[in-house]
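>>> Output the structure for:
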Amino acid sequence: MNLPAALAAVVRKEPSKPVIFYGEQQVTYGQLLEQTQSLASWLQTDFGLQPGDRVALWLKNCPEFVPALFGVLAAGGVVVPVNNFLKPNEVGYILADAAVDLIITDSSMAEAVEALQGARPSVRAWQIEDFPKLQAPSAPASLDNRNERDLAVIIYTSGTTGRPKGAMLSHGNLLSNIDSCRQVLAAVAADRFAVVLPMFHSFMMTVGVLLPALVGGSMVLVKSLHQPKNIIHEIIMHQATILPCIPQFFRALANASLPPNLPLRICVSGGAPLPVEILREFNEKMTIPLLEGYGLSEASPVVSMNPLTGPWKEGSIGVPVPGVEVSVQDDAGNILSPSHTGEICVRGGNVMLGYWNQAEETARVLRNGWLLTGDIGHVDWDGYFYITDRKKDMLLVNGINVYPREIEEILYQVPGVKEAAVIGVPDARRGEQPMAFIATNEGTVLEEKLILQFVRDRLADYKVPRKVVFMPALPRNATGKILKTALRQQTEASA
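Reported below is the predicted structural model:
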């Protein structure tokens, strides 16, 4: 079984049922399969796509994302979802690393694509506006050309070295996680999932796109994202029943003026830790259960969730979803007993094949069948897991991974910067925001505005520090390592 074959099995049951709602537009299952087959045929016959070839999706949220995703897979290709907030030079690295020769995008990004092609001339672009021009294939593409062990998706996650790593997810990895999510959410064909987060994100791609499509449900692709009231309006208009989103949105929801007829039956918080304060605010206002979950791209991504029927524990990421094992281990790989702190480790059919072309990095995170998450935590005697810290310095800005090292490398390119360090500081709206600390060369005077613009020209906007703090010298330990703990303490003391 593979993902397109699983979709085709759903289509046969109810081809006229809407699978996507987008404003006034509706896409049925039958139309989705037709678009999928047409794109697959074009990829195979006109483009010459071979099994295993990589195709990037650099798209904003749109209905065409779904047939583009399934079309590449139906042609035997491998999908590389690309963060649409990235700058062309950042995207260029991903395309070069994955050896991508075709990028599927839209006309609004033509200027960015042109800049991208200047750096990577071999890349061809195909725009989703050309979907109507595709001819229906005389013979539908075979959907049995890939099996569960074959690579389906490469999701790039920022690396601590400043370079992204491609987590390789097979058809089987994703099908396994989809089934786990189906069980834990009790998802059925009557459910409609509100798609608010970016579809390139692993959380949304699995829970908001693949899961509803493969259970015979529907996606409510929210068109108006500027105000919570607009989102609520579309949720009510299309009767969405499940809302997966990030903690910051649930705080906004709890503070919004809501009508009494919300159709939602479950809210799922993922992408970033759910602060207890937000959970309490939400529970005081709403009767809908807000379930905190946990996952990472390398695990397809869902690992655990608070049970639908309870009990729910504040501050807990819940219990492992069906088919997934979670343990707390020490550095030697010994499994620790409850209440002992160690690294959260994951094992199951959802765990990635490894990192694309990075054998050493793969070996660092896969040990004896376990995925080492880099998150520190513990499990209680009831089997509920808790995340207490991060082993690495990763930040979560609006649920998207940001690594300080990547920003620091850019800061060091600013003429006159002697030392640079970036930490995360709490932000009520975004979860976390980067803050930069800089020491300049003697006699050099730099302006914060110019430094931030320098970074903004080279990195996605959400990676740009919200503030730059100038210091005579950054604190270091005896071996010369910058003490970020001291910087965090300084920031907390001045808050």
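
>>> Return the per-residue confidence for the residue at the greatest distance from the centre of the chain.
Distance from the C-alpha centroid of the chain peaks at G443, with 43.1 Å (Cα atoms, centre = their mean). Here the pLDDT value assigned to G443 is 89.

>>> What distance do you get for it to K463?
29 Å (Cβ to Cβ, to the nearest Å). Where C-beta positions appear, they are placed from N, C-alpha and C, glycine not excepted.

>>> Repeat that for I104.
24 Å.

>>> And P320, by the same measure?
In terms of Cβ to Cβ, P320 sits 32 Å off from K463.

>>> Tell me where the model's unsure across this structure.
Applying pLDDT under 70 to the chain flags residues 141, 158-162, 477-481, 495.

>>> How is it divided into domains?
3-385, 395-494 (automatic domain parsing).

>>> okay, those, which one's buried deepest?
Among those, the stretch with the highest mean neighbour count (mean count of other Cβ atoms under 10 Å) is domain 3-385, at a mean of 19.

>>> ends of it, how far apart?
31 Å (Cα to Cα, to the nearest Å).

>>> ditto for stretch 156-168
Stretch 156-168 end-to-end distance (Cα to Cα) = 9 Å.

>>> ditto for stretch 199-217
Terminal residues of stretch 199-217 are spaced 17 Å apart (Cα to Cα).

>>> How about stretch 263-276?
Terminal residues of stretch 263-276 lie 25 Å apart, using Cα to Cα.

>>> What are the boundaries of the helices in the stretch 201-350 of the chain?
202-204, 211-214, 228-237, 247-255, 276-285 (DSSP state H, counting those that start in this stretch).

>>> Quick one: closest of those helices to G92.
Between G92 and those, the tightest spacing by Cβ to Cβ is seen for helix 202-204, at 21.5 Å.

>>> chain center to the closest one: distance?
4 Å (Cα atoms, centre = their mean, to the nearest Å).

>>> Could you list the residues in contact with it?
Identification of contacts with helix 202-204 by Cβ atoms under 8 Å, 6 or more residues apart in numbering yields 155, 195, 197-198, 244, 270-271, 295-297, 300-302, 399.

>>> what sits against N261?
I236.

>>> If we use 10 Å, what do you get?
Shown in contact with N261 (Cβ atoms under 10 Å, 6 or more residues apart in numbering): I236, Q239.

>>> That one and I236, how far apart?
7 Å.

>>> ditto for D330
Distance from D330 to I236, by Cβ to Cβ: 49 Å.

>>> Please apply the same query to E24.
Taken as Cβ to Cβ, the span from E24 to I236 is 15 Å.

>>> now swap in S269 and tell me
21 Å.

>>> got it, and E129?
For E129 relative to I236 (Cβ to Cβ), the value is 30 Å.

>>> Then H226?
Taken as Cβ to Cβ, the span from H226 to I236 is 17 Å.

>>> ok, and the closest non-adjacent residue to T105?
W58 (4.7 Å; Cβ to Cβ, 6 or more residues apart in numbering).

>>> which residues does the one you found contact?
80-84, 86, 88, 91, 94-95, 100, 103-106, 109, 112-113, 116, 125, 200.

>>> Now do the strands in the stretch 351-495 of the chain.
Counting by DSSP state E, counting those that start in this stretch, one finds strands in the stretch 351-495 of the chain at the ranges 354-355, 366-367, 370-379, 385-390, 395-397, 400-402, 417-427, 431-440, 467-470.

>>> The stretch 51-200 of the chain: helices as residue ranges?
For the stretch 51-200 of the chain, the helices defined by DSSP H, counting those that start in this stretch cover 65-74, 88-97, 110-119, 171-185.

>>> CSV for these, including distance to I231?
Output for the helices of the stretch 51-200 of the chain, formatted as CSV (distance: least, Cβ to Cβ, whole Å):
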stretch, distance to I231
helix 65-74, 18
helix 88-97, 28
helix 110-119, 26
helix 171-185, 20
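
>>> Name the residues linked to the closest residue to Y386 other than its chain neighbours by a beta bridge.
Nearest residue to Y386, sequence neighbours excluded (Cβ to Cβ, 6+ apart): G377, at 5.0 Å. Beta-bridge partners for G377, by DSSP bridges, are G342, I387.

>>> show me the contacts for G377.
For G377, the contact set (Cβ under 10 Å, 6+ apart) comprises 294, 316-317, 326, 328, 341-344, 385-390.

>>> And for Y93?
Contacts of Y93 by Cβ under 10 Å, 6+ apart are L86, A119, R120, Y156, R163, P164.

>>> mind redoing it with 8 Å?
Taking Cβ under 8 Å, 6+ apart as the criterion, Y93 is in contact with R163, P164.

>>> how about the strands in the stretch 201-350 of the chain?
With DSSP E, counting those that start in this stretch as the criterion, the stretch 201-350 of the chain has strands spanning 218-221, 242-245, 266-269, 290-295, 302-305, 319-320, 324-329, 342-348.

>>> Does the second one pack against any helices or strands, and if so which?
Contact analysis of strand 242-245 by 3 or more Cβ pairs under 8 Å, 6 or more residues apart in numbering; DSSP states H and E lists strand 192-195, strand 266-269 as its packing neighbours.

>>> can you list those in TSV and add distance to A5?
Output for those, formatted as TSV (distance: least, Cβ to Cβ, whole Å):
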stretch	distance to A5
strand 192-195	22
strand 266-269	27
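
>>> Select, out of the ones you listed, the one closest to L69.
strand 192-195 (12.8 Å).

>>> quick one: the closest one to chain centroid distance?
Offset of strand 192-195 from its chain centre (Cα atoms, centre = their mean): 16 Å.

>>> Same check on stretch 296-304?
With Cα atoms, centre = their mean, you get 10 Å for stretch 296-304.

>>> just to revisit the earlier point, quick one: which of the helices of the stretch 51-200 of the chain is nearest N145?
From the helices of the stretch 51-200 of the chain, taking Cβ to Cβ, the stretch that ends up closest is helix 65-74, at 8.4 Å.

>>> Which strands and helices lie in contact with the closest one?
helix 3-13, helix 29-42, strand 54-57, strand 78-81.

>>> Show me what the longest one is packed against.
Using 3+ Cβ pairs under 8 Å, 6+ apart as the contact definition, the elements that helix 29-42 packs against are helix 3-13, strand 18-22, helix 65-74.

>>> if we go to 6 Å?
helix 65-74 (3 or more Cβ pairs under 6 Å, 6 or more residues apart in numbering; DSSP states H and E).

>>> Measure how the helix it packs on sits relative to strand 18-22, angle-wise.
For helix 65-74 against strand 18-22, the angle by axes from the mean of the first three to the mean of the last three Cα atoms, to 10 degrees is 130 degrees.

>>> want to try a markdown table for the strands of the stretch 201-350 of the chain, with distance to V414 as columns?
Output for those, formatted as a markdown table (distance: least, Cβ to Cβ, whole Å):
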| stretch | distance to V414 |
| --- | --- |
| strand 218-221 | 40 |
| strand 242-245 | 36 |
| strand 266-269 | 37 |
| strand 290-295 | 36 |
| strand 302-305 | 39 |
| strand 319-320 | 45 |
| strand 324-329 | 40 |
| strand 342-348 | 35 |
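
>>> can you tell which of those is closest to R149?
Using Cβ to Cβ, these put strand 342-348 closest to R149, at 15.3 Å.

>>> That concludes my questions; thank you for your assistance.
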